[in-house]
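**Student:** Kindly return the folded structure for what I paste below:
(2 chains)
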Amino acid sequence: MAGYKPVSIQTYPVLGEKITQDTLYWNNYKTPVQIKEFGAVSKVDFSPQPPYNYAVTASSRIHIYGRYSQEPIKTFSRFKDTAYCATFRQDGQLLVAGSEDGVVQLFDISGRAPLRQFEGHTKAVHTVDFTADKYHVVSGADDYTVKLWDIPNSKEILTFKDHSDYVRCGCASKLNPDLFVTGSYDHTVKMFDARTNKNVLCVEHGQPVESVLLFPSGGLLVSSGGRYVKVWDMLKGGQLLVSLKNHHKTVTCLCLSSSGQRLLSGSLDRKVKVYSTTSYKVVHSFDYATSILSLALSHEDETIVVGMTNGILSVKHRKSEAKKESLSRKRRPAYRTFIKGKIYTKQRDDIMINRPAKKHLEWYDRDLKSFRISKALDRVLEPNCVIKTPEVTVSIIKELNRRGVLANALAGRDEKEITRVLNFLIRNLSQPRFAPVLINAAEIVIDIYLPVIGQSPVVDKKFIVLQGLVEKEIDYQRELLETLGMMDMLFATIRNDSTSLSEHVPAELPEKKTESPCQPGDTDKNS
Amino acid sequence: MAAGGGGSCDPLAPAGVPCAFSPDGQAYFALASNDGHLRVWEAANNRLHQEYVPSAHLSGTCTCLAWAPARLQAKESHQRKKRKSEVIGTSDQVDLLALGTAVGSILLYSTVKGELHSKLISGGHENRVNCIQWHQDNDCIYSCSDDKYIVEWSTQTCKVKCKWKGDNSSVSSLCISPDGKMLLSAGRTIKLWVLETKEVYRHFTGHSTPISSLRFITIRPNESQPFDGITGLYFLSGAVHDRLLNVWQVRSENKEKSAVMSFTVTDEPVYIDLTLSENKEEPVKLAVVCRDGQVHLFEHILNGHCKKPLTSNCTIQIATPGKGKKSTPKPIPILAAGFCLDKTSLLLVYGNWFQPTIERVALNSKDTHICLERDISNCWAPTVETAITKVRTPVMSSEAKVLVPGIPGHHAPIKPPPLLQPKEVESKRKLGGNEASIEERLGAMDLDRKGRKDDLLQTTSFPVLLTQGLESNDFEMLNKVLQTRNINLIKKTVLRMPLHAVIPLLQELTKRLQGHPNSAVLMVQWLKCVLTIHASYLSTLPDLVHQLGTLYQLMESRVKTFQKLSHLHGKLILLITQVTASEKTKKVLSPGQKAKLVYEEESSEEESDDEIAEKDSDDNWDEDEEEKDSEKDEGVDEDNEDEDTDDKEENGEDRDVSSEKELNGDSDLDPENESEEE
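**Tutor:** Modelled structure (predicted):
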């Protein structure tokens, strides 16, 4: 019993994208719920307080949705023209919104009519925000001005005229009640201090700024505009830390994940990209149907809400993890007897004698162990195994070949089983990782069944398909050989350029050269 | 004045410039064109009578005009309310023409003297004058403006007599009641004012868009009730962008606020003329000139409610005669139409506003559609106009794509028919009042794209698509580009792609080269193109070997099996020839069937392989399931066909044996089985 050594299943690196912690985390959302709004959704904002409702600004309305409701639980529709940038206050009680006619309106969540109206801007107000002390509102408008308003007596406190084009985005610091930043179409992002009447810091983004974001710590500033997302260090006086160019169209919105570890950017190219804030590499990417205008994440990343140009609001909820817990809790009554003794902790004088652990053998291993080779092959040719783990099948074939019994295992099969074998060959022959083993197997199959060929049309068809495939593969490899020749030339010229070697070893050079750089590539694959 | 509202919003519209017939038998036709000139034409012989250029004609273009009521046409022509054809005291006012301008001033021009009579400015409007009305009986002028006010002027003193706020938004049109005691004004709603006290007497709903014309249709009510001068009267309203003309009735009680009936026309009304009915039996005749250059005639006896909108009794169009076979007849826009005194003929003004043609047309036909053929090619075509026509938005084919300026980095094209959307955007921008936000513009673009299936990829330029796809790692885009089979296209794309995209492309190709030969062959084509075209660039890269190392090794490992494969291929060829040979003798299957099946299998193979290569292994579950199903189906087919094969018998026995063993239990060793296999 102990003498049998199970077949080692050769593992191959999985092709395609690597599955990282981030992909798992960001893929763990349910299928999106789509809600049709009246117009392009220009802003989505989550209430910072439970129950984490969110306000959606589209056309001349502001809808407030509950976390799981698909119908608005509240609507503010008293706008004469397009509304912009409905934003919750930190306590979730008040909502402020700008409008195309230049009026900033303040709403109570429970009320319907505006509590306050701030009139003073002459053109559309595209951005509003509450300052950290909750009693002031910052607004930026298309009349190039930024204004600071006092909520209690609805007065204008300050006006900044530093920008020279439309002010389209802004953000107030969460820590300092006097600090806020605004981004403008004049390509700059400016930081203002309410204690002075000039901007205290100005960074040049290089593109019309569509969105700005302050990190919770207040030290880092993110601006987006054009195809770039740029991160600035405010504490170093506006030094550019990173410039990210991962979209091919204008980046319209920015958002931080609740942990602050991930930055999300939405763009007109229909994608949302997730960056790590430590490495500033794209760690995940979402696809949407149309250009994205607004983006928001709820508390604990439970919900992703994306507003698009065609007025569709896409809401994704995180899959609940309650299921797993409930599963683990459901233990059979025999569990305790089963676990008895295993959890026994060793006392001081005890001597532990380990019982040899019973080896668990796969079905094909059991078959192989009892020399039922044909059956073992049958097992691994089951559709389930073939599709899910073709490498197991290939390993068994390899093992059989090593034992020299492959021909026996393949022989004596009826039409159906032969078709199964051939199907597997057709499926996997062109994969380079399986090719050497399978070519061998194919030759054996041909050798065995040559006498009976022409008797079953189904099998004949499979052979013809296989032949077509092999022909294609050969053509392909011929092309590859030609290409290899080209690359040899290229590599040769490089070597000649750099080291000016004599020309009598050009044929060997590329191989030598490629050996060394291939190592990093290999390790990449294996990891 | 009928055209006051819509006149200047589109300077190149064929119709819609302020114009009016003179009240005294329509001897003259005044037309204020957009170049700032006021021209008075003789209606009878179509000659230019006078031309006057106001000094501020460029800054303050004429927005509306109104003839003073005629002096001598005293009582008999009550119905020409439009021309204010009632006697007024001052004799020298006869040929006065009031012009409202875009800057808010009102000019009084005397056609007798041919010069400016007086200017009404002080204390007047601050914004564009929308409509001017002369009072029939006294020397008052009423005007309304975008500044929300209605002003009553005295023409004697040229001073403001009274000024009051007419509405919360701009007041677009005015009309004085037949008895001269009431005034209709149209802003957001239609209001009926008592002129004496300047109080609102009635409200009417109005239109959703600014009202461009208001007219009283009847001068006395049909009901034989005591007539207080206003109750029971009907009036008509036409609005900008509205194809319906509404008719309202002034009721004694204040309940009814909606229209009693409506007339429908083909386009926005720009000029309205009507004959008033003098007794109950005689219908009201209405001539409506639309923006599309047609005239619609209505005849209707007003008698209370009518739910359905009425369509016209007769439509008049004018077109050029088609010269020979090559030219198709072109429509000539009608600018204005007025009923003559006999009510059976119509004065039509058509052509361009620079030199209109005025013609009298008798209305005796019963046809519902009249198309007049007129040749206006010999008319002097002004060079000014041709210069302006160049500005006109070009006629674009439906496939043409327009890039909207001002959205940085956004290359999405839009189709031309967004119904003046881009134009509106631009004009708004010039005004600086309220420009379209990026959201709106995007929204507008999105509307056009709706309904098209492949709207995701609009750019047909492959190099652009390729670079964009590489930058954002967009799977669909890359697929679209890389899966082309056209060698020439590949070459051109590689030739035109930016250099910085070469290395990313090579990396992408590396990923894709590992797939099924069907798709990978295309990738090799790309790779070859890149290597040949960008060879010199690549050879300058210092870390080329690093960059291409993986690729090289991958290709090399793949071609290692070349020899073996060729060997296998040889065997297969032999096999296949045997099969075909035996088939020829047997003639069991037709080759057509066979080819079909081969194709199906290949395609499914390709798909699944691509899936494996590109997605996570979990994702391709579904497809594989399908494949499994198909396999099962095949299995069923085979079972049916199995009977006639020879070797089936033996194998079948084998299988029976093995299955029996399975039934017996698989745990115990079975030496027999082993020996059998060996």
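**Student:** And for A:Lys398, the neighbour number?
**Tutor:** 22 (other C-beta atoms under 10 Å in any protein chain shown). (C-beta placed from N, C-alpha, C; glycine too.)
**Student:** contacting residues for it?
**Tutor:** By C-beta atoms under 8 Å, 6 or more residues apart in numbering or on different chains, the contact set of A:Lys398 is A:10, A:437.
**Student:** That one looks like it's in a strand, true?
**Tutor:** No. Counting by DSSP: H, G, I helix; E, B strand; the rest coil, A:Lys398 is not found in a strand; it is helix.
**Student:** so how far is A:Cys385 from it?
**Tutor:** 15 Å (C-beta to C-beta, to the nearest Å).
**Student:** can you list the weak-confidence ranges in chain A?
**Tutor:** Low-confidence segments of chain A (pLDDT under 70): A:1-2, A:13-18, A:321-333, A:341, A:495-527.
**Student:** and the stretch 301-450 of chain A, which residues reach chain B?
**Tutor:** Residues of the stretch 301-450 of chain A lying close to chain B (C-beta under 8 Å from any C-beta of the partner chain) are A:309-311, A:366-367, A:370-375, A:383, A:387, A:405, A:408-409, A:412-417, A:419-420, A:423, A:426-427, A:430, A:432, A:435-436, A:439-440, A:442-443, A:446, A:450.
**Student:** out of those, which are buried?
**Tutor:** A:309-311, A:366-367, A:370-375, A:383, A:387, A:405, A:408-409, A:412-417, A:419-420, A:423, A:426-427, A:430, A:432, A:435, A:439-440, A:442, A:446 (16 or more other C-beta atoms under 10 Å in any protein chain shown).
**Student:** Go ahead and measure how far the helix or strand containing A:Gly140 is from the middle of the chain.
**Tutor:** Assigned by DSSP states H and E, A:Gly140 belongs to strand A:136-141. Centroid separation for strand A:136-141 versus its chain: 34 Å, with C-alpha atoms, centre = their mean, to the nearest Å.
**Student:** Determine the next helix or strand in the C-terminal direction from it.
**Tutor:** Past strand A:136-141, the next helix or strand by DSSP H and E is strand A:146-150.
**Student:** Helices along the stretch 301-450 of chain A, start to end?
**Tutor:** When assigned using DSSP state H, counting those that start in this stretch, the helices of the stretch 301-450 of chain A occupy the ranges A:322-329, A:335-339, A:363-369, A:373-380, A:383-388, A:390-403, A:406-410, A:415-428, A:435-449.
**Student:** which other helices and strands contact the last one?
**Tutor:** In this case it means helix A:435-449. helix A:390-403, helix A:406-410, helix A:415-428, helix B:562-586 (3 or more C-beta pairs under 8 Å, 6 or more residues apart in numbering or on different chains; DSSP states H and E).
**Student:** Going by neighbour count, list what's buried in the last one.
**Tutor:** Put plainly, it is helix B:562-586. Quick answer for helix B:562-586 (16+ other C-beta under 10 Å): B:565, B:568-569, B:571-572, B:575-576, B:579, B:583.
**Student:** what do you get for the first one?
**Tutor:** Neighbour counts using 16+ other C-beta under 10 Å place A:390-401 of helix A:390-403 among the buried residues.
**Student:** low-scoring stretches of the stretch 1-150 of chain B, by residue?
**Tutor:** Applying pLDDT under 70 to the stretch 1-150 of chain B picks out residues B:1-16, B:70-94.
**Student:** Count the residues that sit near the residue in it that chain A sits nearest to.
**Tutor:** Per C-beta to the nearest C-beta, B:Lys148 is where the stretch 1-150 of chain B lies closest to chain A, at 15.6 Å. B:Lys148 is flanked by 18 other residues according to other C-beta under 10 Å.
**Student:** you'd agree it is up against B:Ser185?
**Tutor:** No. Counting by C-beta atoms under 8 Å, B:Ser185 is not a contact partner of B:Lys148; they are 10.5 Å apart.
**Student:** what touches both of these two?
**Tutor:** B:166-167, B:171.
**Student:** what would the helices of the stretch 301-450 of chain A look like in a markdown table with distance to A:His163?
**Tutor:** Shown next, in a markdown table, are those (distance: least, C-beta to C-beta, whole Å):
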| stretch | distance to A:His163 |
| --- | --- |
| helix A:322-329 | 49 |
| helix A:335-339 | 68 |
| helix A:363-369 | 72 |
| helix A:373-380 | 69 |
| helix A:383-388 | 59 |
| helix A:390-403 | 61 |
| helix A:406-410 | 77 |
| helix A:415-428 | 62 |
| helix A:435-449 | 64 |
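**Student:** ok, B:Val171 - contacts?
**Tutor:** Counting by C-beta under 8 Å, 6+ apart, B:Val171 touches B:130-131, B:144-146, B:148-150, B:185-187.
**Student:** Now A:Lys472. Nearest residue, chain neighbours left out?
**Tutor:** Nearest residue to A:Lys472, sequence neighbours excluded (C-beta to C-beta, 6 or more residues apart in numbering or on different chains): B:Pro517, at 4.2 Å.
**Student:** what's the answer for A:Phe88, then?
**Tutor:** The shortest distance from A:Phe88 to any non-neighbouring residue, by C-beta to C-beta, 6+ apart, is to A:Ser47 (4.6 Å).
**Student:** and that neighbour, how many residues sit next to it?
**Tutor:** Around A:Ser47 there are 23 residues (other C-beta under 10 Å).
**Student:** which ones are touching it?
**Tutor:** Shown in contact with A:Ser47 (C-beta under 8 Å, 6+ apart): A:53-55, A:88, A:92.
**Student:** again with A:Ser154
**Tutor:** Neighbours of A:Ser154 in contact, by C-beta under 8 Å, 6+ apart: A:106, A:116-118.
**Student:** What of A:Ser294?
**Tutor:** A:41-44, A:57, A:252-253, A:266, A:306-307.
**Student:** hmm, try it at 7 Å
**Tutor:** Residues counted as contacts of A:Ser294 (C-beta atoms under 7 Å, 6 or more residues apart in numbering or on different chains) are A:41-44, A:253, A:307.
**Student:** same question, A:Tyr166
**Tutor:** Neighbours of A:Tyr166 in contact, by C-beta under 7 Å, 6+ apart: A:142, A:144, A:184-185.
**Student:** Was I right to think B:Leu341 contacts B:Pro23?
**Tutor:** No. Using C-beta atoms under 7 Å, B:Leu341 is not in contact with B:Pro23; the gap is 11.0 Å.
**Student:** Between those two, which has more neighbouring residues?
**Tutor:** B:Pro23 (26 against 14).
**Student:** hmm, back to that, reformat the contacts of B:Val171 into TSV and put secondary structure and distance to A:Ala97 next to each item.
**Tutor:** Formatted as TSV, the contacts of B:Val171 follow (DSSP: H, G, I helix; E, B strand; the rest coil; distance: C-beta to C-beta, whole Å):
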residue	secondary structure	distance to A:Ala97
B:Asn130	strand	33
B:Cys131	strand	37
B:Cys144	strand	34
B:Ser145	strand	32
B:Asp146	coil	28
B:Lys148	coil	27
B:Tyr149	strand	32
B:Ile150	strand	35
B:Ser185	strand	34
B:Ala186	strand	32
B:Gly187	coil	28
